[in-house]
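Q: All I have is the shape, not the residue letters:
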């Protein structure tokens with residue numbers, strides 16, 4: 001059953017990558033990358049459970065924190081560059 005969950009997570013991760021590639025706006029792409037990161041955290045935990053390695057939970061938590069901080073950073077970057085281009089006179 002856990003192996004089926006891992007396969008389903010891989011499928012959802014593939015769909016998130018497709019959305020990140022085809023996203024109509026930059027925010028759709030960032031959201032898809034965030035979903036991919038979240039599913040990666042879940043996959044790390046499932047694989048750790050599957051192989052009987054509870055220390056994978058620590059790795060997953062660190063990866064979740066890195067994913068969260070990086071998405072916030074990317075969103076702030078695009079927010080400030082967008083605000084800067086809107087303030088410039090044409």
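A: Yep, it's here. Note that the structure is a prediction, hence the values are computed from the model and not measured.
Q: Only C-alpha atoms from now on, for both contacts and neighbour counts.
A: Will do.
Q: What residues of the helix or strand bottoming out on mean pLDDT in the chain count as buried?
A: Least confident helix or strand of the chain, by mean pLDDT, DSSP states H and E, is helix 56-87 with a mean of 91. Neighbour-count burial for helix 56-87 flags 56, 57, 60, 63, 64, 67, 71, 75 (criterion: 16 or more other CA atoms under 10 Å).
Q: got the contact list for the second one?
A: Counting by CA atoms under 8 Å, 6 or more residues apart in numbering, residue 57 touches 44, 45, 48.
Q: among those, who's most crowded?
A: residue 45 (21 neighbours; other CA atoms under 10 Å).
Q: Going by neighbour count, list what's buried in the helix or strand hosting residue 38.
A: For residue 38, the element it lies in under DSSP states H and E is helix 26-50. Across helix 26-50, burial judged by 16+ other CA under 10 Å covers 29-48.
Q: For that helix, the averaged confidence score.
A: For helix 26-50, the mean pLDDT works out to 94.
Q: now that helix: how far from the chain's centre is it?
A: Centre-to-centre, helix 26-50 and its host chain are 5 Å apart (CA atoms, centre = their mean, to the nearest Å).
Q: What separation do you get for residue 15 and residue 32?
A: The gap separating residue 15 from residue 32 is 9 Å, by CA to CA, to the nearest Å.
Q: Correction: the previous question concerned residue 65.
A: Relative to residue 32, and taking CA to CA, residue 65 is found at 17 Å.
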